[in-house]
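Participant: Structural data only, the sequence is not supplied:
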């Protein structure tokens, strides 16, 4: 596909929405709406057989959801992925990891958004106090046994796609 023109439709501190005029491979013209967000880091913190999870209210869904710590740098800034992973883990859970192992790349919604994430396994953990942002004030942190995580995922109680994908990457490693 060829981008013929692009215009920003909307922007805020977390994302921009642009509309691109395109030419498809068959020569037909069309448009594409794209949500541009900075890349994020997701952290699967594992201590023995327990996973560090956070629960927070997800406004677009209107419900609280359990997921692995994840996020972007403030004000759409770019940051090295491992540094961002350490920041998100510390901010949301208070944990510090002695070791970060790269698990893989995750595309959030490639038909809609340019955002990509990098998933990390965090081990050699040390507890501390969370450093949450104001928007995370109602966040809760818990250690969840892997068997319980899997049961809750099968029951449809854990539905965050990035969390489930990161866990699949962990399983593919044989961990």
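Facilitator: Structure's in. What do you need? Keep in mind it's a predicted model, so treat the numbers as computed, not measured.
Participant: mean confidence score for stretch 62-75?
Facilitator: The pLDDT scores in stretch 62-75 average 91.
Participant: To clarify, my last question referred to stretch 21-39.
Facilitator: For stretch 21-39, mean pLDDT rounds to 95.
Participant: how close does the residue located most distally from the centre of the chain get to residue 98?
Facilitator: Farthest-out residue of the chain from its mean C-alpha position, per CA atoms, centre = their mean: residue 27, at 36.0 Å. In this view, residue 27 and residue 98 are 56 Å apart by CB to CB, to the nearest Å. Using the backbone N, CA and C atoms, a C-beta is placed for each residue, glycine as well.
Participant: Residue 120 bridge partners, please.
Facilitator: residue 43, residue 102 (DSSP bridges).
Participant: how near is residue 125 to residue 119?
Facilitator: 17 Å.
Participant: Looking at these two, which is more packed in?
Facilitator: When residue 125 and residue 119 are compared for neighbours, residue 119 comes out ahead with 27 against 18, by other CB atoms under 10 Å.
Participant: mind listing what the more buried one touches?
Facilitator: Residue 119 makes contacts with 41-44, 102-106, 162, 165-166, 169, as judged by CB atoms under 8 Å, 6 or more residues apart in numbering.
Participant: let's see it at 6 Å
Facilitator: By CB atoms under 6 Å, 6 or more residues apart in numbering, the residues touching residue 119 are 42, 103, 104, 106, 166, 169.
Participant: Poorly predicted segments of this structure, please.
Facilitator: Applying pLDDT under 70 to the chain flags residues 76.
Participant: where along it do the strands fall?
Facilitator: Using DSSP state E, the strands of the chain run over 2-11, 16-23, 29-36, 40-47, 50-58, 63-67, 70-71, 96-107, 116-126, 140-145.
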